[in-house]
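1. What follows is a predicted structure for the sequence shown.
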Amino acid sequence: MRVLLVEDDDGVANALVEVLAAHGHRPTRVSRGADALTRHREHDLVLLDLGLPDADGLDVLRKLRRIGPIPVVVLTARGEERMVVRGLRSGADDYLVKPVRMAELLARIEAVARRGRLPGAVADEVQVGEVHVDLRTRQVRVDGRDVELTPKEFDVLAVLAGEAGSAVSRQRLMDEVWGDAYLAVSRSLDVHIAQLRGKLGRPELLVTIRGFGYRFGA
């Protein structure tokens, strides 16, 4: 697996990278929470310390969880019961306290990864009402008529179509389309949604979920 290790202690990080690599994983180490929020897309699992120099690790965990379902294993020196409870309630898939036995860490990572695997891939084609989206060829048709979209407009629609009928958060859309859920200019998303509604001619199919995001499908 591609493991993103978020750890500011060089000694701990070097030891973890060595062990992960020796067991067939591909670890990448970063030391700041901000890096976790921009680089998680390249990885299959995040191994997160809570004591980071630029942010509270729990805040980073909550933000990762709002963006999407990537598995997160917390590895921290904070072992008080209330911290463990807070970490799990904030969205951690597992919570380990330092110092941890490496064999146990590897087993926990593999168990979390197994639970996080989806049973099937997203369909190449999505039909919602009269709107047909081909995710493979990046073509869109409405009532049999081709609709030309800009690359970014299609990217926004593709994320929504991949979760047709379900609400998708603004953070996830900005993360997947613009590459940063929390630094991207959020008005760009609103403008692209408005353009999509106009081009598709079916504004009722792009539903605003107030305070959260959007849904493709009435």
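-> Here it is on my side, so go on. Residues are numbered from 1 along each chain as shown.

2. quick one, helices of the protein?
-> For the chain, applying DSSP state H gives helices covering 10-22, 33-39, 57-67, 81-89, 102-116, 151-162, 170-178, 186-200.

3. and L135, which of those helices is closest to it?
-> helix 151-162 (5.6 Å; Cβ to Cβ). No exception for glycine: its C-beta is placed from N, CA and C like everyone else's.

4. Which residues outside that closest one are in contact with it?
-> By Cβ atoms under 8 Å, 6 or more residues apart in numbering, the residues outside helix 151-162 that reach it are 122, 126, 128, 133, 135, 138, 140, 149, 168, 172-173, 176-177, 189, 192-193, 195-196, 199, 206, 214-216.

5. on that earlier part again, of all the helices of the chain, which one is nearest G144?
-> helix 186-200 (13.4 Å).

6. what is the mean pLDDT for that closest one?
-> The average pLDDT within helix 186-200 is 90.

7. What is it packed up against?
-> Under the contact criterion of 3 or more Cβ pairs under 8 Å, 6 or more residues apart in numbering; DSSP states H and E, helix 186-200 touches helix 151-162, helix 170-178, strand 206-209.

8. how does it look with 10 Å?
-> Helix 186-200 sits against strand 131-134, strand 139-142, strand 145-147, helix 151-162, helix 170-178, strand 206-209, strand 213-216, with contacts defined as 3 or more Cβ pairs under 10 Å, 6 or more residues apart in numbering; DSSP states H and E.

9. so can I have a markdown table of the ones you listed showing distance to D54 and mean pLDDT?
-> Putting the helices and strands packed on helix 186-200 into a markdown table (distance: least, Cβ to Cβ, whole Å; pLDDT from 0 to 100) gives the following:
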| stretch | distance to D54 | mean pLDDT |
| --- | --- | --- |
| strand 131-134 | 39 | 95 |
| strand 139-142 | 40 | 96 |
| strand 145-147 | 43 | 95 |
| helix 151-162 | 28 | 93 |
| helix 170-178 | 18 | 85 |
| strand 206-209 | 31 | 94 |
| strand 213-216 | 26 | 94 |
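
10. Please name whichever of these is nearest to L45.
-> Per Cβ to Cβ, nearest to L45 of these: helix 170-178, 16.7 Å.

11. for the closest one, the distance to its chain's centre please.
-> 9 Å (Cα atoms, centre = their mean, to the nearest Å).

12. and what of stretch 132-150?
-> 26 Å.

13. Residues contacting that stretch, please?
-> The contact list for stretch 132-150 (Cβ atoms under 10 Å, 6 or more residues apart in numbering) reads 122-127, 129-131, 151, 153-158, 160-162, 164, 192, 195-196, 199-202, 205, 216.

14. Whichever of those count as buried, I'd like them selected in PyMOL; how would that read?
-> Buried members of the contacts of stretch 132-150, defined by 16 or more other Cβ atoms under 10 Å, are picked up in PyMOL with:
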select buried, resi 126+131+153+154+155+156+157+158+160+161+162+164+192+196+199+200+202+205+216
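
15. Which one, of the helices and strands packed on helix 186-200, ends up nearest to M102?
-> helix 170-178 (31.4 Å).

16. Would you mind putting the helices of the chain into CSV with distance to R145 alongside?
-> What follows is the helices of the chain, written out as CSV (distance: least, Cβ to Cβ, whole Å):
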stretch, distance to R145
helix 10-22, 51
helix 33-39, 38
helix 57-67, 34
helix 81-89, 48
helix 102-116, 39
helix 151-162, 16
helix 170-178, 25
helix 186-200, 10
